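Trainee: Give me a 3D structure for the following:
(4 chains)
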Amino acid sequence: MRMDEETELVLNFAREFAEKDVAPAAALIEESGIPGELLAKAAERGYLGAVAPEDLGGASLGPAPYMALLETLASSSPSVAFYIMLQNSLVISPLLGFRGSEEAEAAVRSVADGTGSGTLLFGELLSNARAGGLKLAGGHLVGSCRYVVHPSAAFFISESQDGGLLLVRGGGSRKDSYPRLGMRGVGFCSMEFETPPAHYTRIGGRKGGWSIASTLNSASRAIAATALGIAEGALSRAVRYAAERKTFGSELRKYQPVAHALSMMQAELESMKAYLYGSAAGDAREGLAAKLLLTDAAVRASRLSMQVHGGNGYFSDYGVEKYYRDAMALEALGGNRNDDLKLLSGLMLGEGSASI
Amino acid sequence: MRMDEETELVLNFAREFAEKDVAPAAALIEESGIPGELLAKAAERGYLGAVAPEDLGGASLGPAPYMALLETLASSSPSVAFYIMLQNSLVISPLLGFRGSEEAEAAVRSVADGTGSGTLLFGELLSNARAGGLKLAGGHLVGSCRYVVHPSAAFFISESQDGGLLLVRGGGSRKDSYPRLGMRGVGFCSMEFETPPAHYTRIGGRKGGWSIASTLNSASRAIAATALGIAEGALSRAVRYAAERKTFGSELRKYQPVAHALSMMQAELESMKAYLYGSAAGDAREGLAAKLLLTDAAVRASRLSMQVHGGNGYFSDYGVEKYYRDAMALEALGGNRNDDLKLLSGLMLGEGSASI
Amino acid sequence: MDFDLPEDVVAMKKKAAEFAAREFTAAAAAEHDEGEKYPDEIRRKAFREGFLDMGNPWGMLVAMEEFCRVDPGLGLSAIVPAFGSEILMLFGSDFQKKKYLEPVMHGEKMSGFAVTDSGAGSDVAGISAALTRNEDGSYLLNGQKIFITNGGIADHFYLLARSSPPPPEKRHRGLTMVVVESAMEGFRATQLKGKLGMRATNTAELTFSNVRIPAENVIGEEGKAFYYVMTFFNISRIYVAAQALGIAQGALDRLTSYLAALRASGSAAADGEAAQFLVAEVASRIDAARLLTYRAASYLFKFTPDPVATSMAKYYAAETATYAVTRILEFMGADGVTTDMERFYRDAKIMEIWEGTSEVEKLIVARMLKEKGEGK
Amino acid sequence: MDFDLPEDVVAMKKKAAEFAAREFTAAAAAEHDEGEKYPDEIRRKAFREGFLDMGNPWGMLVAMEEFCRVDPGLGLSAIVPAFGSEILMLFGSDFQKKKYLEPVMHGEKMSGFAVTDSGAGSDVAGISAALTRNEDGSYLLNGQKIFITNGGIADHFYLLARSSPPPPEKRHRGLTMVVVESAMEGFRATQLKGKLGMRATNTAELTFSNVRIPAENVIGEEGKAFYYVMTFFNISRIYVAAQALGIAQGALDRLTSYLAALRASGSAAADGEAAQFLVAEVASRIDAARLLTYRAASYLFKFTPDPVATSMAKYYAAETATYAVTRILEFMGADGVTTDMERFYRDAKIMEIWEGTSEVEKLIVARMLKEKGEGK
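Mentor: Numbers count the residues shown, from 1 in each chain, chains lettered A, B, ... in the order given. Modelled structure (predicted):
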C-alpha cells in the first residue's frame, strides 16, 4: 500500500519507537503492565495525545497517520497500542467534543503530556446483558461498572443523563479482578463508585449527540488498525519462522499447506488494510465493517502463527502466544460482536435487520 | 468506493448496457451463447476493443475503467464479461506487444470492430498435467489443445518456439465438447490443429518476454474484476430477496444468520474491491492475490446467494443458479489454482516456496 | 459399541455399488442430466433387483449412498419411486395401504410427497393449499404445491393442506394430509425445468382446482398432519444424509482417481501436500458425516428416532457434500469441470435445501438441545 | 451397529464427572493455572478413586473427557502420571515391568515419555539425542529433549535416542528407546514456564550428559524404536482426542449456562438465531468428533488399531476444540474473557500440536488411504 507523506513519516518514527523502546519492554509489559518510563517516552513523542490538537499539547495526527501509529505499535505490543487507542479514541476524542470547557481541556492536556491518564466507562456495552452504570443519587455518583479497562486511570469518563459528560476523579474502588487473557499491559476489573460531588464534574449537557456508545462506534477504525497490527505482527513472525525452521529436511515455507495459508492470510490482510485506509473517516458502515473483518482476521492470523510455530510458539519467550491471547482480548474489549453485527446488518440491509 | 471520473463514466454506460441489452438476453446467452447482435452492440460501444488504442479502433480504457466495465457486466452476465475479458486481456493485449506488425494490428482492429474475434490457446496452463500444445512439423502447425475456450474464434493465438506469436487462422477441428458447468455463453472444447503454412503467421520472435503464461498472469486483475462482478451480482440478488421474502412471518433479512452472513460477505467484497482497484497495474503479486481472493469469494458469495434463495434459486428462471455455476467455471478457466498459489507463495515467501 | 455395518448390510452395499457401476453409465448420466429426463428403465431394474424394500431400511440407506456415489441424479431416481410412502406405513388405514401402498411396493405405481407451497418454503405451517369439507364428508382441494419430486410422474401424492384455520399462536394445528391421485379431476402437474442439478429427477408444480378427495383418503386424523409430516422428515432426512454422503464420497473417489492419473503422468501436483491435505480433510469429514448418519439411522431403525441426531446428520452431511465437491473441483480446476465432477458440484447443493434447509436443521438441534437441558 | 457406550463405561463417565465437579474447584483451577503448578494432591485422589487403570482403557478415556470438560489443566494432570507406560506394557521386559511399570500402576511413581528434541519437532526420526555403547554393554546417553510432559516431576522416562547412524533413505532405523531415571547422574530437568495453556501440567526440558544407561533398560530391540513410538502414538492420540472432546464439550456447557443466565436476565441475545446456530454448529461438530474418537478407541481397545481412524479422530477433535472455544468466546465477548472460558481458549490450542500436529495427522491419513487403495 502506498501511504501519503505524513503517514510515512509517522510510520517511520513509530517503527523506531517500537523497535528501540517497546520491544525490549515486551516481557515486562506482559508481566506487570506498561512501565511508566515507556509511557513517558510515548508522551514525549506525542503518542498519548496523538489526536489532540497542538494547542492542547497533542500531535494533531490525521486519521491515517493515527491508524498507522496504532498498527505499527500493535504489531510489537498490542497492549501498548490498545492503551494509546484508549487514551485517544475513547478519552481525548469525547473530551474534544466539549472544547471551551476548562476541565475538559485540562484533562486532554494531562493525558497528552502523560501526567494523567483517563479511561471511558464503556464496559457495559461489551456485554450481552446490560446492567450497571453510574447514576446520581442525592448528589453522589453511585453505581457499579462490570468491566473497567485501565482502572488505575486518574479520571473516568461517563455519561450524564442529560447528554453531558461526567469527569470522575475519585470514589471508585476495584472489585473483581479478571483473569487476563490478553492486553495484560492494561488492567481489567469491575469497580464500584460512590463519588461525592467534589470529585466529579459535569461538562456540557443538553447537547444531545454525545454518548459512550457513539464514542465506541467512532473508534471502530482505531480498533481495526490495532487488530491489523496484531495480525501483521503474528503473521510476520510466522513468515520469518517458516523461512528458517526446517522439518523433515526442508524449510517450513516449502510445504504447500504452510505456504498457501501464510500467503493467503497475507493477501487477506493486505486487502483489509486497503479497505481500512481507503475508508472515509466519517463512514460508520465502512469503519464497522473494517473492525469486524479485522478483529476476526487477527484471531485467525494469530492462530495460524501459533500453528506454524508448533511447540515453540506455545511458550511466552517466543513472543508469539501473546498475539493469540491479545487478538481475542481485543475482539472482546473492542465492542460486543453481536451488537456490532446487528448494527452493520442495519446499515447494509436496512433498519431492523438481524433482530431475530 | 470512490472512483475517478473516467471510471464513473464508463461505469454508468456499462450499467446502461447491462440493463438494456445484456439482461434481456440473459436466458438466450445461457441457452445458445452470446447473440451476434449483442456482440455488435458491444463493439459499437468500444467494449470489444476496450484496451486497444484508438488508432486501432479501440476505446483505450485505462486499467480502472476496464476493470469497472468487466465488474459491471459480470454482475449481469458472467459470460459476457468473460468474453470481453478474453478479447481484451488474452487476445488484444498480447497482440499489442507486437505493434508495427501489420497482421497483429489488423487482428486487433478486427476484434475491436467485432468482425473477427480471437482466442488464446492458454488451456494447457489450466491443467495439473501439462501436455498438448502446437508444434511445427514440416512447415505445418500440428498438435492438440486440451482446453480451448471460444473455439468459434476467427483466429487463435499461440506461442512460437522462438518467443514470437503465432496467429492461426485455420486448420483446427473441434474434438470433445465439454459439459458446460458455466460461462455457457462462451464455448469450451478440445481441438486438434493441422494447419498448413498458408493459414498461420509468425509475428515477431526472438524477443523473449512474451509467453502465453505471462499473458494469463497479467490478466489477473481482469479476472479478479470479473469474479468481483459475479460475487456482487449473486449477493445483490440475495440482499434483495432477503428484503422481500418472508418466512415464519418475517423477512429473511431479520434473521441473524442470514443478515450476518450477507453483511459480512458484503464487507469482504468491499474490502477486496478496495484492494483490487488500489493495486498497481504492474504489480504481479497484488494482481495474483486479488484474483485468488476474489475467485474464491465469488464461489462463496454465489453459494450464499443460492442458500438464501432456497428452492427458488435452484431453478434457472430466477437467474441465481448461473452465478453458482459461473463462479466455479471462472475459477477453473482463470488459471490453475495450485500453480497460482505456488506463484503467490514464491512472491510472498521467496522462491521455491510451496514446492513440496 | 460397534461402528461397523453388519455383514448383510455390507453385502447389500456391495450389491448396490455393483448395480450402480453397471447401470449408471457415463452416457446415461449425461443424457438424463442434459435432457432433464427421469430414467424409468433404471427405476424398473432397481426395483427388480430389490433395492426398493421398505422392510429393509438399512439396505435402502446404503443403496442410496452407493447409488449417489456413482451418479446422484440417477441414483436418487432409482430409489425415489415410493417417496413419502412411509406415511402410509405409519399412519395409513388398511384401505389406504391396500389401495395405495401395495402397488407402490410392488413397483406398479409411484408416489410423491407434496408439502411445500410457493409461499411457505421451510415454514410448513404457513402453507395455503386448502381442504374444504363437502356435505357428503368428502373434501374439495384447492391450491398449489411447488418443487414436488416425482410431481410429473407419480400416480398419487400424500398431500398436506389446511383444513381449518389455526387457533392463534398454534399455527401447526388444522393441517390435514390426504392422498391425491394425479388422475383426479382438477389435478394438474407442470414439470419445472432448468434445475441446477439432480436433473434426472422429476420436479413439478402441482395445482388443484376443486379436486374432490373422498373421506377415506384422509390419512390419520384430520387436523393432526403436522405431526405426520415431522415424523416423515425424521425418516427422509436420514436418506438425504445418505445421498449427501454418497455425493461426497463420489467426489473423493474422483479426486483419488484423478491423483492416480496425475501420478502416472509424472505430475508433481499428485503428491504435493496440498493434494494430501485435501484428501485427508475431505475424507475425515466424510467419515464424521457417515458416523452421524449411521447413528441417526440406527436410532430410527430401532424405532427410537432421535430428532437431534437426525438433524445433525442431515445438516452436517449436506454441508460435507457441498464442501467436498467445492474443494475438490477447485483443486481439479479445468481438469474437473470437463468431467462429471461438474455434475457432482451441481447435484450437491440441493442437499442443503430440501427436506429441511440447513437453517431449519440447526434450529431444530438448538431448540431440542435446549429442551433436553442442553444435552447433559 | 451400536453407537452408545456400554453401561459400565457410562457409569465410569458419571463417576469421573462427579469427581471432577467435586475436586476441580474454580479456585484450584485458577491457582494451578496461574502458578504453573502441578496438582499432586489431585493426582493422588484420582489414583485412589481408580481413574488411572490401564486395564480399563474405556474408563480412562471417558474420565479424560469428563475431567477436561471441567478443567483441562487439572483434568489432564490427574490422568497423566503414567504417561508413556503403555510402551512397557507392550514392549517392556519382565524386569522393566517389575521395576518401572508396577510402581507407576500402584501410584507410587510417575513416568514420562521423551521423544521430541528441539531440532526435530514432528520429525521424530530427526532427533539428535544419542546413545553410545560402552564395552560393558551399557550405554552413554547425551543430548536433550524438549517439551516433555511430567519432565520435572516424573521418576523415569521412556526415551528415544539415536543408537546408530541411519542407512541412507532409512532415517527411521537406528533409533532405540531406553528407560532413564531422573535420579541418574548427568540427568537434568528444567521446567519450561510461560505456557499459553495447560499450565497445571508440568513441562520441562531435559538434558543428558553422559548418563549411563544399563543394558537392561533398553526397551525391546535396539534400533527398532521408531515402530514403538508410532505404536504409542496410536494410543496416545486417542487420549488427546478425548481431551479435545472434553474441552469442546466444556466450552459448550459454558455457553449453554451463559445463555440460560442471559435468558433469565431478559436479554434478547439468549434466543437470537445467532446463538441458536452457534449451539447447533458446535454441538454437531462435537458429536461428529466424539463418534470419530470412540470409533478409533473401539478399534484400538479391541487390539485392531486403525491408524487412519486414529489420526482422523485426533485431527478432527483437536480442530473441534479450537473451533468451539474460539466461536464461543467470540460470542460471549467480554462476558467470556472474564470467566474460565478464557482458560479453555488457552488450553485448547495445544491439542492441534502435541502428540502429532494436525499437519502430521493429515499426512498420515492421506498416505495410508493411498496405500489402502483410497479406502475402497
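
Trainee: hey, where'd the helices end up in the stretch 151-300 of chain C?
Mentor: Here the stretch 151-300 of chain C has its helices, by DSSP state H, counting those that start in this stretch, at C:225-264, C:273-301.

Trainee: ok, now how distant is C:Gly186 from C:Gly143?
Mentor: Computed as C-beta to C-beta, to the nearest Å, the C:Gly186 to C:Gly143 distance reads 11 Å. C-betas here are computed from N, CA, C, even on glycine.

Trainee: check contacts around residue 158.
Mentor: All of this is about chain A. By C-beta atoms under 8 Å, 6 or more residues apart in numbering or on different chains, A:Ser158 lies in contact with A:120-121, A:133-134, A:141, A:165-166, A:168, A:212.

Trainee: Chain C was what I was after
Mentor: C:Tyr158 is in contact with C:84-85, C:87-88, C:111-114, C:177-179, C:219, counting by C-beta under 8 Å, 6+ apart.

Trainee: please redo it, this time with the cut-off set to 10 Å
Mentor: Applying C-beta atoms under 10 Å, 6 or more residues apart in numbering or on different chains, we find C:Tyr158 in contact with C:83-88, C:91-92, C:96, C:100, C:111-115, C:177-180, C:217, C:219, C:225, C:228-229, C:232.

Trainee: Select, out of the helices of the stretch 151-300 of chain C, the one closest to B:Gly319.
Mentor: Of all the helices of the stretch 151-300 of chain C, it is helix C:225-264 that lies closest to B:Gly319, at 25.1 Å by C-beta to C-beta.

Trainee: anything in the closest one near chain D?
Mentor: Yes - using C-beta under 10 Å from any C-beta of the partner chain, helix C:225-264 reaches chain D at C:249, C:252-253, C:255-257, C:259-260, C:263.

Trainee: Neighbour count for C:Gly186 and C:Gly143, which is higher?
Mentor: Using other C-beta atoms under 10 Å in any protein chain shown, the more surrounded residue of C:Gly186 and C:Gly143 is C:Gly143, with 19 against 14.

Trainee: Looks to me like the more buried one is in a strand.
Mentor: Yes - assigned with DSSP: H, G, I helix; E, B strand; the rest coil, C:Gly143 falls within a strand.

Trainee: Correct me if wrong: it contacts C:Val180.
Mentor: No - here C:Gly143 lies out of contact with C:Val180, judged by C-beta atoms under 10 Å, at a distance of 11.1 Å.

Trainee: any idea how far the residue nearest the centre of chain A is from chain B?
Mentor: Residue closest to the mean C-alpha point of chain A, counted by C-alpha atoms, centre = their mean, is A:Phe82 at 3.5 Å. Using C-beta to the nearest C-beta, to the nearest Å, A:Phe82 is found at 23 Å from chain B.

Trainee: Would you confirm that that residue belongs to a strand?
Mentor: No - A:Phe82 is assigned helix when assessed by three-state DSSP, not a strand.

Trainee: so what's it up against?
Mentor: A:Phe82 makes contacts with A:34, A:70, A:73-74, A:149-150, A:182-183, A:185-186, A:222-223, A:226, A:230, A:326, A:329-330, A:333-334, as judged by C-beta under 10 Å, 6+ apart.

Trainee: of those, buried ones?
Mentor: Neighbour-count burial (16 or more other C-beta atoms under 10 Å in any protein chain shown) is assigned, among those, to A:34, A:70, A:73-74, A:149-150, A:182-183, A:185-186, A:222-223, A:226, A:230, A:326, A:329-330, A:333-334.

Trainee: and the single nearest residue of the stretch 201-350 of chain A relative to chain C, what is it in contact with?
Mentor: At 4.0 Å from chain C, A:Gln256 is the closest residue in the stretch 201-350 of chain A, using C-beta to the nearest C-beta. By C-beta under 10 Å, 6+ apart, the residues touching A:Gln256 are B:338, B:341-342, B:345, B:353-356, C:269, C:272-277.

Trainee: go with 6 Å
Mentor: Shown in contact with A:Gln256 (C-beta atoms under 6 Å, 6 or more residues apart in numbering or on different chains): B:354, C:272-274.

Trainee: same thing with C:Ser358?
Mentor: C:315, C:352.

Trainee: Not counting sequence-adjacent ones, nearest residue to residue 285?
Mentor: No chain specified, so I'll use chain A. A:Leu347 (4.3 Å; C-beta to C-beta, 6 or more residues apart in numbering or on different chains).

Trainee: that's the wrong chain, I wanted chain C
Mentor: Leaving aside its chain neighbours, C:Arg285 sits nearest to C:Thr320 (4.8 Å; criterion: C-beta to C-beta, 6+ apart).

Trainee: That neighbour reaches C:Ala283, doesn't it?
Mentor: No - C:Thr320 lies out of contact with C:Ala283 (C-beta atoms under 6 Å); the separation is 10.6 Å.

Trainee: What ranges does chain C have for its strands?
Mentor: Assigned by DSSP state E, chain C shows strands spanning C:111-114, C:130-133, C:139-149, C:156-162, C:175-181, C:187-191, C:203-213, C:218-219.

Trainee: go on, the stretch 151-300 of chain A?
Mentor: Remark: strands assigned in the stretch 151-300 of chain A by DSSP state E, counting those that start in this stretch are A:155-159, A:165-168, A:172-177, A:188-195, A:200-203, A:246-247, A:250-251.

Trainee: can you put those in JSON lines and add mean pLDDT?
Mentor: Shown next, in JSON lines, are these (pLDDT from 0 to 100):
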{"stretch": "strand A:155-159", "mean pLDDT": "95"}
{"stretch": "strand A:165-168", "mean pLDDT": "95"}
{"stretch": "strand A:172-177", "mean pLDDT": "94"}
{"stretch": "strand A:188-195", "mean pLDDT": "96"}
{"stretch": "strand A:200-203", "mean pLDDT": "93"}
{"stretch": "strand A:246-247", "mean pLDDT": "92"}
{"stretch": "strand A:250-251", "mean pLDDT": "96"}
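
Trainee: Select, out of those strands, the one closest to D:Glu330.
Mentor: Nearest of the strands of the stretch 151-300 of chain A to D:Glu330, taken as C-beta to C-beta: strand A:188-195 at 17.7 Å.

Trainee: Please save the CA atoms from the longest strand along chain A in PDB.
Mentor: The strand spanning the most residues in chain A, taking DSSP E as the definition, is strand A:140-149. Extracted in PDB, the C-alpha atoms of strand A:140-149 (Å, rounded to 0.1, in the frame of the first residue of the first chain):
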ATOM      1  CA  HIS A 140     -23.500  11.400  44.800                       C
ATOM      2  CA  LEU A 141     -22.500   9.400  41.700                       C
ATOM      3  CA  VAL A 142     -23.200   5.800  42.600                       C
ATOM      4  CA  GLY A 143     -23.100   2.500  40.800                       C
ATOM      5  CA  SER A 144     -21.200  -0.400  39.700                       C
ATOM      6  CA  CYS A 145     -19.300  -0.900  36.400                       C
ATOM      7  CA  ARG A 146     -18.900  -4.500  35.400                       C
ATOM      8  CA  TYR A 147     -16.000  -4.100  33.100                       C
ATOM      9  CA  VAL A 148     -13.400  -1.300  33.500                       C
ATOM     10  CA  VAL A 149     -10.300  -1.300  31.500                       C
END
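
Trainee: Pull up the residues of chain A that are close to chain B.
Mentor: Counting by C-beta under 6 Å from any C-beta of the partner chain, the residues of chain A close to chain B are A:253-256, A:259-260, A:263, A:266-267, A:271-272, A:274-275, A:278, A:289, A:293, A:341, A:344-345, A:348-349, A:353-356.

Trainee: Kindly apply the preceding question to chain C instead.
Mentor: C:121, C:123, C:147, C:194-196, C:262, C:265, C:267, C:269, C:273, C:329-330, C:333-335, C:337-338, C:342, C:349, C:353.

Trainee: among those residues, which ones are buried?
Mentor: Buried by 16+ other C-beta under 10 Å: C:121, C:123, C:147, C:194-196, C:262, C:267, C:269, C:273, C:329-330, C:333-335, C:337-338, C:342, C:349, C:353, out of those.
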